[in-house]
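Enquirer: Show me how the following folds:
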Amino acid sequence: MNIRKLSELKTGEKGIIERVTGVGRFRQRLMEMGFVPGAEIVVEKFAPLRNPIEYVLKGYHVSLRHDEAEKVMVRKLEEQTEDH
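Expert: The predicted model follows:
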């Protein structure tokens with residue numbers, strides 16, 4: 001499997017959330033926002049200093065700081081190309 005930190009994905013890349021690490025209120029807050037296993041997430045854009053990072057999750061935009069995104073583990077979805 002191609003598991004990595006959410007913070008490692010680049011603009012436009014997609015992933016499937018595998019798990020959220022961290023403890024307590026932080027983890028609970030992310031889970032309430034939709035960061036649950038099986039959810040697809042897309043990197044929308046980075047702020048000028050690469051912090052925060054904007055994602056699209058379940059049809060809405062959410063921003064996380066880099067250190068927060070490091071606590072979300074995703075399986076990167078590979079680009080599928082069509083052969084013609």
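Enquirer: Quick one: low-confidence residue ranges for the chain.
Expert: 1, 79-84 (pLDDT under 70).
Enquirer: residue boundaries of the helices in it?
Expert: For the chain, the helices defined by DSSP state H cover 24-32, 66-69.
Enquirer: Most tightly packed of the ones you listed?
Expert: Mean neighbour count (mean count of other CB atoms under 10 Å) peaks for helix 66-69 among those, with a mean of 17. In short, each C-beta sits where N, CA and C put it, glycine included.
Enquirer: so what's Ile16 closest to, chain neighbours aside?
Expert: Spatial nearest neighbour of Ile16, excluding adjacent residues (CB to CB, 6 or more residues apart in numbering): Arg75 at 4.8 Å.
Enquirer: so that neighbour sits right up against Lys5, yeah?
Expert: No - contact status for Arg75 versus Lys5: not in contact, 11.6 Å apart, counting by CB atoms under 8 Å.
Enquirer: What's opposite the residue nearest to Ile16 in the beta bridge?
Expert: Taking DSSP bridges, one obtains Ile3, Ile16 as the residues bridged to Arg75.
Enquirer: Could you check how many residues crowd around it?
Expert: 15 (other CB atoms under 10 Å).
Enquirer: Next: Val43.
Expert: Val43: 20 surrounding residues under other CB under 10 Å.
Enquirer: Quick check: it vs Val62, distance?
Expert: 11 Å (CB to CB, to the nearest Å).
Enquirer: Find the residues that touch each one of those two.
Expert: Counting by CB atoms under 8 Å, 6 or more residues apart in numbering, the contacts common to Val43 and Val62 are Glu54, Tyr55.
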